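# Sequence plus the predicted model coming up.
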Amino acid sequence: MGDGVTTAAPALTQIPRAPGIAFILKKALISALVALVLFSLMIGIRTEAGPTGQLIYWTRFGDLAAMVAAVFGGSIIVELLRQWWGPVGTIRIIPPRLQSTLAVARRGIAPVLLIFTFLVPVIFYDQRYILDLGILVLTYVMLGWGLNVVVGLAGLLDLGYVAFYAVGAYSYALLATNFGLSFWVCLPLAGILAAFWGMMLGFPVLRLRGDYLAIVTLAFGEIIRLVIINWQSLTGGPNGVSGIPRPTFFGIPLVPGPDGLAAKLGIEFSPTHRIVFLFYLILGLALLTNWVTIRLRRLPIGRAWEALREDEVACRALGINITTTKLTAFATGAMFGGFAGAFFATRQGFISPESFTFQESALVLAIVVLGGMGSQLGVALAALTMIGGFELFRGLEQYRMLVFGVAMVLLMIWRPRGLIGHRAPTVFLRHSQAISSDLVKEGHG
Amino acid sequence: MSGDSILTVDRLSMRFGGIVAVNDLSFGAERRKITALIGPNGAGKTTVFNCITGFYKPTSGMMRLIHDDGRAFQLERLNDFRISKLAKVARTFQNIRLFPGMTALENLMVAQHNALMLASGLTFLGLIGAPSWRAAEKRAIDLAQLWLDRIGLLDRADDAAGNLPYGDQRRLEIARAMCTEPALLCLDEPAAGLNTRESAALSELLLSIRADQGTSILLIEHDMSVVMEISDHVVVMDYGVKIAEGTPQDVRDDPRVIAAYLGADEEEAIAVMESGA
Amino acid sequence: MDYFAQQLINGIVLGSIYGLIAIGYTMVYGIVGMINFAHGDIFMIGGFIALISFLILVSIGLTVVPVILLIVLLVSMAITALYGWTVERIAYRPLRHSFRLAPMLSAIGMSFVLSNYSQVAQGARVKPVPPIITGGYTLLEQNGFVVRLSNVQIIVVVTTIVLLAIFTWLVARTRLGRDMRACEQDQTMAALLGVDVDRTISMTFVIGAALAAVAGMMYLLYYGLVDFYMGFVAGIKAFTAAVLGGIGSLPGAMLGGLAIGLIETLWSAYFSVEYKDVAAFSILIIVLIFLPTGLLGRPEVEKV
């Protein structure tokens, strides 16, 4: 294993050299050997509970051989590519000139993307699948933007963000089914309740840093989920809440018949109307989140969040109240999560604890980090990439999470600082220049 | 000690476990004057600073700060951010603590947090873009601009603080502390790592702060040329206790001070003696 | 009282398993400063490998239980250790000097990879095994209530104690242990003084994974089943244990494990089974409010 180890040393200590065929083969052989041991029992043998309840097993040596061969071949290809591109880390696939062109192009991305998003229901009116996917992507864009306030701006690591999504969803579902309140009344209530829970989480974690913060937020997310599962009389437990009212167009239902919106507008009813309405609803909510966040960044509270991420001690020395600053960050992020949750409930018409697992938190966090912490555009692009990419593998069913995990690892290795690796200043005298992410701190969490 | 002290430290002690970092220390900082706190490494100077600025809770002792308008604050009773917010004590750090990923201008804007927070109606007025907020923001930018100009960094206002040269970062940190509009400015080794030209500029800046803003300054410093040039009063510490105080001249000739420096660090002792020549 | 004694025994056994996993978290955290989110899944892999090797050994006609147990233990430790090594090599080492959140997300990704890999490779259904070790001792019998200490429980606790002793010796007395402690303090300085940092970190993952494999095997023996999803919950609880004990502290990890095991068992016994995890997590939050660095963690001195 000795030679295998040195090749992945950090780029700084990498001595440029051209490994020969022998080296590549040796490396591939070692990889194959490791793979053989790793896969020997897990792939070579398949266990299953037999018809009488006791465990039986059968061998799959063909699969094992194929996997080991794949690792051998893959290792050779990776090594050749690495030689072709130079060592990892100093890799520069895109030439500088193209990069500056891209930087100019990047300024155009946001408006183009926005206009395109507005036109999606027009262009794809007949394609229900695309519209549904669009709604899904926008939901995650909104969640990403919400979590971005906590993680990207304030630098507080939150691994339980899905809890607020759940609080929002259940708030709407329960208020609507039990008290018959409308979506538009429940939406702000869901946001307020989620913000309240954000503060509840905020208090105990005020003094915590880094990984302690991470584990407590994770535990908090799990607590909320477990309570939802077990408090059956209120939440319906694992069966969830069904029959959640669909949203209305400010009181006018989107249904066929004389009371529906279609009849009032004098057009023919189509179920697509509701999908299009939902699309614009989540787009509006997401844009609201974006607008508020951009606004907040330019206000003292937003600057205090970012300053907190940069240096908490300096903040205290400048008279900034760390407690309220952190709590407002948690509450704001949670509020957006709550809005998104209410939307989710009204869109699905049915919610259950299964939708609010740790995987969702991880997914949203991955979107924020991949986006380039703090960058609004980056988060949107990351949500599009992750959710869109995830959809591509829908057909693979059981391999889907596997692919998702692999993608997460590879994306982090490829771009540890995210897609948009710089920070835009919130105020400037002469010209706003992007700040390299190497300078930007990542906060205590 | 004359009657008009802005800060009176009375029998301050700070213990960490069994170690006594500061032992029964009393001294005063005069209003609109520059007071220097000197002493060999490990004498407990930064610990005194951390007590004054609320980062440590002193084991015993009192620290009283009196504003120009007569309002008095017991610093040992205020915790962390309130010392800066209410008592108006600002500080800099030995190892610069700027917000490296924010621009120089943003750093100075963050320093005006409390004033701006009020002006933005605790964010709500700011969110809707109320004219009163816009005016306040404009004034804040003007103040920041003024300070950037005074420290000679106006043309680097939009650069990330972390990208500035070391000397500029030191001055920016002082400007940032000044943007909180402090009554007392505490500087922890502001000249550390500066070259001769830069420390001369620093002395000038501090003198102008005292003259123009009327801010009282308390500084820890090892660069004796700076201490001798600008201080009105010098307090010498060694092993957590005060061993001498007086005018720069008094202190320079004090045998106890020379002994403390000789005993601790030869270079610094030489610096003390040479700075008199 | 008898009921309590029985629950105490059960809690200690469960706590031992959590403690073994928690050591892996705490060691990695101490040296690399990251939460190895995939560690719970390494434990799960350990359980699977123990299960499969056990099946093979039984089917080739081996009947001597101690021999079977020893072979299963060694095989699962060895193979799982290689999993730990590979995970570090692929997902963490390229990110060693990177931005801090990147390795954490990479670890979360790796956790998904491992659990779904098991699901794909071995199916989603729970794998039951018949009781391998039976019998036990009756410690107390009164009022018709029996306090029993089963042989499995003895094996779990004894194995944990023996491994913990070996491991403590390893860290305190061997060259590897010294290298590990040096890397924990200052990697750059350790490298300058001739410590092979890469190798030391690899070994940390290898040892952590081997201990997790033992935990996986003990889980299999004790509960008689494994499934691809068990790594997540056990992983969170073991990490909770590590944090509770004070992350970075080895005795702390064991103590935290026992605490979580006892809390969970006693809560289930006296209050409600449904809320046992809620209880464990709530206690974690409460402890951290009052002891932000855990039970045995070093207090963090704020440098200004």
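All right, it came through fine.
# Please determine how far C:Val226 is located from B:Leu7.
The gap separating C:Val226 from B:Leu7 is 67 Å, by Cβ to Cβ, to the nearest Å. In short, each C-beta sits where N, CA and C put it, glycine included.
# out of those two, which sits in the busier spot?
Taking other Cβ atoms under 10 Å in any protein chain shown, C:Val226 and B:Leu7 do not tie; C:Val226 has more neighbours (28 against 24).
# how many neighbours does residue 202 have?
By default, I'm working from chain A. By other Cβ under 10 Å, the residues close to A:Gly202 number 21.
# actually chain B
B:Leu202: 23 surrounding residues under other Cβ under 10 Å.
# helix/strand/coil for the residue nearest the centre of chain A?
The residue lying closest to the centre of chain A (Cα atoms, centre = their mean) is A:Val364, at 2.2 Å. Assigned by DSSP: H, G, I helix; E, B strand; the rest coil, the conformation of A:Val364 is helix.
# so who does the closest residue in space to it that isn't next to it in sequence touch?
Among residues not flanking A:Val364 along the chain, A:Leu143 sits closest, at 4.7 Å (Cβ to Cβ, 6 or more residues apart in numbering or on different chains). Counting by Cβ atoms under 8 Å, 6 or more residues apart in numbering or on different chains, A:Leu143 makes contact with A:161, A:165, A:336-337, A:340, A:364, A:367.
# With adjacent residues omitted, what lies nearest to the residue nearest the centre of chain B?
Centroid-nearest residue in chain B: B:Cys186, 1.7 Å away (criterion: Cα atoms, centre = their mean). Beyond its immediate neighbours in the sequence, the residue positioned closest to B:Cys186 (Cβ to Cβ, 6+ apart) is B:Arg91, lying 4.2 Å away.
# can you pull the buried residues of the longest helix anywhere in chain C?
The longest helix of chain C (DSSP state H) is helix C:2-32. If you call a residue buried by 16 or more other Cβ atoms under 10 Å in any protein chain shown, then helix C:2-32 has these buried ones: C:6-7, C:9-32.
# thinking again about what came up before, secondary structure element holding the residue nearest to the centre of chain B?
According to DSSP states H and E, B:Cys186 maps onto strand B:184-188.
# Helices of chain B, residue ranges please.
For chain B, the helices defined by DSSP H cover B:45-52, B:80-85, B:104-111, B:113-119, B:124-127, B:131-150, B:166-178, B:196-208, B:224-230, B:248-253, B:255-264, B:266-276.
# just so I know, which of those helices lies nearest A:Ser432?
Evaluated with Cβ to Cβ, those place helix B:104-111 nearest to A:Ser432, the distance being 10.4 Å.
# Now do that closest one: which elements does it pack against?
The contact analysis (3 or more Cβ pairs under 8 Å, 6 or more residues apart in numbering or on different chains; DSSP states H and E) places helix B:104-111 against helix A:300-310, helix B:131-150, helix B:166-178.
# is it possible to export these to TSV including mean neighbour count, distance to chain C and mean pLDDT?
Converted to TSV, the helices and strands packed on helix B:104-111 look like this (neighbours: other Cβ atoms under 10 Å in any protein chain shown; distance: least, Cβ to the nearest Cβ, whole Å; pLDDT from 0 to 100):
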stretch	mean neighbour count	distance to chain C	mean pLDDT
helix A:300-310	26	12	93
helix B:131-150	16	24	91
helix B:166-178	22	14	93
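# of all those, which lies closest to C:Met217?
Nearest to C:Met217 among the helices and strands packed on helix B:104-111 is helix A:300-310; the distance by Cβ to Cβ comes to 43.4 Å.
# any low-confidence regions in the stretch 1-150 of chain A?
Residue ranges of the stretch 1-150 of chain A with pLDDT under 70: A:1-19, A:85-106.
# And the residue of it that's closest to chain C?
Proximity of the stretch 1-150 of chain A to chain C (Cβ to the nearest Cβ) peaks at A:Leu41, 4.5 Å away.
# B:Leu154 versus the closest residue to B:Glu198 other than its chain neighbours, what's the distance?
Closest residue to B:Glu198 apart from its sequence neighbours, by Cβ to Cβ, 6+ apart: B:Gly167 at 4.3 Å. Per Cβ to Cβ, B:Gly167 is found 16 Å from B:Leu154.
# buried sites along stretch C:126-145?
For stretch C:126-145, burial by neighbour count (16+ other Cβ under 10 Å) applies to C:127, C:129, C:132-133.
# Of these, which belong to strands?
Under the assignment DSSP state E, the buried residues of stretch C:126-145 contribute C:Lys127 to strands.
# Can you redo the buried residues of stretch C:126-145 as TSV, where the extra columns are pLDDT and distance to chain A?
As requested, the buried residues of stretch C:126-145 are exported to TSV (pLDDT from 0 to 100; distance: Cβ to the nearest Cβ, whole Å):
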residue	pLDDT	distance to chain A
C:Lys127	87	6
C:Val129	84	6
C:Ile132	79	12
C:Ile133	80	17
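# Pick out whichever of the buried residues of stretch C:126-145 sits closest to C:Leu95.
Nearest to C:Leu95, judged by Cβ to Cβ, of those is C:Lys127 at 33.5 Å.
# Was I right to think that closest one contacts C:Val226?
Yes: counting by Cβ atoms under 8 Å, C:Val226 is a contact partner of C:Lys127 at 5.2 Å.
# Overlap in contacts, these two.
Here C:Lys127 and C:Val226 have C:48, C:51 as joint contacts, going by Cβ under 8 Å, 6+ apart.
# Could you list the low-confidence segments of the stretch 151-277 of chain B?
Checking the stretch 151-277 of chain B against pLDDT under 70 turns up B:262-277.
# gap between the residue nearest to A:Leu396 when sequence neighbours are not counted and A:Met386?
Spatially, and ignoring its direct neighbours in sequence, A:Leu396 is nearest to A:Val403 (6.8 Å; Cβ to Cβ, 6+ apart). Distance, A:Val403 to A:Met386, using Cβ to Cβ: 11 Å.
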